[in-house]
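Participant: Would you be able to build a 3D model of this:
(2 chains)
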Amino acid sequence: MGGASEAVARVSERPDVVTHEGAPAASAPARSAAAGWKVLPIVEGLVLITALLLPLVLQDYLTVFATRVVILALFAISFDLVWGYAGIMSFGQALFFGAAGYGVALLARDLGVTSILLILPAGALIGLTAALLLGGFLLLGRYPSSVIFVSLGTLTGSYAADRLARGWYYLGGQNGIPSIPSLSLGSIDISEGPVYYYLALGILVVVYLLCRFLVRSQFGLALAGLRENEQRIAFFGYKAQHLKAIIFAIGGTIAGLAGSLYAFHEGFVWPNMLGVVFSTQVVLYVLFGGSGTLIGAVIGTVIIEGVSFWLSDNYRDVWPIILGVLLLLVIMFRPLGLISFVLGERERVGSFGKAPKETPNAAP
Amino acid sequence: MPLLEAQGISKVFGKLTALDGAALTVGENEFHGLIGPNGSGKSTLMKCVAGAEVPTTGKVSFVNTDITAFTPTERARAGMSLKFQITSVLPTLTLYDNILLALQAQCSLFDLVLSRTRRKLHDQVMTMLTQFRLAERAHDAAATLSHGQQQWLEIAMALAGKPRLLLLDEPTGGMSLEERRVTGELLQPIKQHCSLVIVEHDLDFIRDICDRLTVLDQGKVLASGTIAEIQANKSVQEIYLRRA
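Facilitator: Okay, the predicted model is just below:
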């Protein structure tokens, strides 16, 4: 190995290489910075501004609805990381969402815990633990597990959890756990309305930024390799299964966080939260908005939930059919989601290289 | 002790015996050609060495370690690298990112998440791209390259981790004569630090760059030796005449 690195070093010291390549090497990332990374920040900025101003113009009951959408967008991001970025087809993301929801509901019911400082970490921890257990079983092994195994495994996990909750008296059976008290911070109650909305939005923004940092890091490049050709990157020496388990666990943590916010916002938890319905719903959010872009997941959630809300008000009987047709149209004609109307392929995938510090304007 | 020693390798797919006690020995800094008629088991032997297939029987040793049961990841970490027969560059990523992806494979998780090696690896990425005459295209998507250029990018990626042994499965497949010549030129300098096993149909190419050859026929080794020895070998001449 030493010989090899010396050889490479020798090549890089060759004067012709340096003089010939020095200029393009230095300016190329700057060039890509000028050419790309334009649309995404604009879309992200617009979405954020809209989200910040929304409660000022919405009636109260609509703010409650908007809060639910913000929490579901957090859930959608958790799935987008796992599927859109790492290519793991998980049909059981609701398992982590619902498990955390049930977990914090029990904490509130049986132990009287409602402090946000305990509830949110507990929810995240429950999501993480469940994802580590299921992900460890499905993803870790000497050889990579097949897509079918993982998708059926996650689907089964979610379905089984749903059945378990329905049949278990302690968890309230079919009815779930009702009348969860409000979240609290010290002596202040955080009940539904603008305060809960901004709390959920704040958490969404923080998680979004952390995920954005992650998917644009060198780890994000490894995820891109994983998504595009898992076998190839194993031959480079990547521990592909470990990468998958890690991103699956991160996804579970975020889903858990979303689930605990959701449980306290709705005031009750019920078996559907764990089951296949929620698990596939989140797949649709991400497909619709655009998988492999974080903002796509958010936009998909907002539009599907918004359109469902409006349709169910105005076309009470046929709205699921209209929504279904809309979804099919997008999936058929825009497989990369709505975001692909404004976002090019190059910018969606992004570039991960960075020239050394002395290069001016190198940062993309 | 040779760098790579594969002995008694058999591989059975259902009723088909692809390899029947084949062997391959490669020394340090040796360019070794693996030739034979279609269906003689060249690619299968390559895959058994690389870890893409597990041999039914036999033993593969690499740097004095028995790696028969190693996964591809473990083999890569031991210093072995493979270029696939079908080009498998990552088409949506830029050339730069393709190389970076290969270079950072053994960085720790912590380094990857914090992007701590991104700037440090920049010079190595550009060196590899320059060496393979792709630096001008560094920030284009790999899908926009010609077939020949994709093969070069793939070889560059396979070499990025500084392997001690590089396995090339048909590196010149689908290339023009000029591209083949350039490929030969590009491979020569790596001899200083790396051994090579090449599966290739183009015998002129093999003759130009290889030191030793192993000839397979029907899953068995027909002959193994220097170019001159193989060219003088009667039974090798026979199978190639038979094919012609």
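Participant: What about A:Leu125, how many residues nearby?
Facilitator: For A:Leu125, the count of nearby residues is 16 (other CB atoms under 10 Å in any protein chain shown). In this view, the C-beta of every residue, glycine as well, is placed from N, C-alpha and C.
Participant: doesn't A:Gly256 make contact with it?
Facilitator: Yes. A:Leu125 lies in contact with A:Gly256 (CB atoms under 8 Å); the separation is 7.1 Å.
Participant: In which helix or strand does residue 128 reside?
Facilitator: You didn't pick a chain, so chain A it is. helix A:116-139 (DSSP states H and E).
Participant: that's the wrong chain, I wanted chain B
Facilitator: Applying DSSP H and E as the criterion places B:Met128 in helix B:122-131.
Participant: Just say helix, strand or coil for B:Leu167.
Facilitator: strand (DSSP: H, G, I helix; E, B strand; the rest coil).
Participant: Same question for the one 5 residues further on.
Facilitator: What three-state DSSP gives for B:Thr172 is coil.
Participant: Now do the contacts for it.
Facilitator: B:Gln151, B:Glu179, B:Arg180, B:Thr183, B:Glu200, B:Asp202, B:Phe205 (CB atoms under 8 Å, 6 or more residues apart in numbering or on different chains).
Participant: On the pLDDT front, check it for me.
Facilitator: With respect to pLDDT, B:Thr172 scores 86.
Participant: That one and B:Leu186: what is the separation?
Facilitator: 11 Å (CB to CB, to the nearest Å).
Participant: Most neighbours among the contacts of B:Thr172, which one is it?
Facilitator: Counting by other CB under 10 Å, top hit in the contacts of B:Thr172: B:Gln151 with 25 neighbours.
Participant: ok, B:Ala232 - how many residues close by?
Facilitator: When neighbours are counted by other CB under 10 Å, B:Ala232 registers 12.
Participant: Low-confidence stretches in chain A?
Facilitator: For chain A, the stretches flagged by pLDDT under 70 are A:1-37, A:354-364.
Participant: Find the centremost residue of it, please.
Facilitator: A:Ile77 (1.8 Å; CA atoms, centre = their mean).
Participant: Do a quick rundown of the helices in the stretch 101-250 of chain A.
Facilitator: A:116-139, A:147-167, A:194-215, A:218-228, A:230-236, A:240-266 (DSSP state H, counting those that start in this stretch).
Participant: tell me which residues of the longest one are tucked away?
Facilitator: Going back to what we said before, that points to helix A:240-266. Neighbour-count burial for helix A:240-266 flags A:240-241, A:243-266 (criterion: 16 or more other CB atoms under 10 Å in any protein chain shown).
Participant: Next: the shortest one.
Facilitator: By neighbour count on 16+ other CB under 10 Å, the buried set for helix A:230-236 is A:Glu230, A:Arg232, A:Ile233, A:Ala234, A:Phe235, A:Phe236.
Participant: which other helices and strands contact that helix?
Facilitator: helix A:218-228, helix A:240-266, helix B:72-78, strand B:80-83, helix B:95-103 (3 or more CB pairs under 8 Å, 6 or more residues apart in numbering or on different chains; DSSP states H and E).
Participant: tally of neighbours for B:Ser176?
Facilitator: Neighbour number of B:Ser176 under other CB under 10 Å is 12.
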